[in-house]
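Asker: Any chance you could fold what I've pasted below:
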Amino acid sequence: MDRFQYLILMGLCVLITLPLEFVFAARVWRRPKRLAIALLPAFALFVAWDLWASATGTWGFNRAYTIGVELPGGMAIEELVFFVVVPICGLLTIEAVRNILSGRVRLRPLPTRDQASSSSR
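Answerer: Here you go, the predicted model:
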């Protein structure tokens, strides 16, 4: 199970932020070209940096906590997943907050106890 912890965590990050796409109209997944334009520059930069850091021994990847799939240069596949998942989760969050603050999406207050009990009658 240790080998899958990181991928499970990345999956949970996506699962937790995915409702922002629908509930708060984040529209991150619905605009794939815009998403790619936002992700690709940082992705390329961080992959290059990571490959350099791995090659120079600045850091490495513990095989006990990865699934064992290595890319050229010794980068663990989990690292690439991180470089995609975390920015997408961040974009989902910021777009949802922008929509709430701009008034495009309204938050409905939860019903009070009195309102809930009167509507069930």
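Asker: Quick check: which element contains the residue nearest in space to the middle of the chain?
Answerer: With distances taken as CA atoms, centre = their mean, Cys89 lies nearest the centre of the chain, 2.8 Å away. Element membership for Cys89, per DSSP states H and E: helix 77-102.
Asker: by contact count, what packs against that helix?
Answerer: Here helix 77-102 touches helix 5-17, helix 19-23, helix 32-55, going by 3 or more CB pairs under 8 Å, 6 or more residues apart in numbering; DSSP states H and E. Backbone N, C-alpha and C define where each C-beta goes, glycine included.
Asker: if we go to 6 Å?
Answerer: Applying 3 or more CB pairs under 6 Å, 6 or more residues apart in numbering; DSSP states H and E, we find helix 77-102 packed against helix 5-17, helix 32-55.
Asker: So which bits of it are buried?
Answerer: Neighbour-count burial for helix 77-102 flags 77-83, 85, 87-89, 91-93, 95-96, 99 (criterion: 16 or more other CB atoms under 10 Å).
Asker: One more: stretch 12-20?
Answerer: Quick answer for stretch 12-20 (16+ other CB under 10 Å): Cys13, Thr17, Leu18, Leu20.
Asker: CA atoms only for it - export them in CSV, please.
Answerer: Taking C-alpha atoms only, stretch 12-20 is exported to CSV below (Å, rounded to 0.1, in the frame of the first residue of the first chain):
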residue,chain,number,x,y,z
LEU,A,12,-8.1,12.5,-3.7
CYS,A,13,-6.9,16.0,-4.6
VAL,A,14,-8.7,15.7,-8.0
LEU,A,15,-11.8,14.1,-6.4
ILE,A,16,-12.1,16.8,-3.7
THR,A,17,-11.7,19.7,-6.1
LEU,A,18,-13.7,18.2,-9.0
PRO,A,19,-17.1,19.4,-7.6
LEU,A,20,-15.9,23.0,-8.0
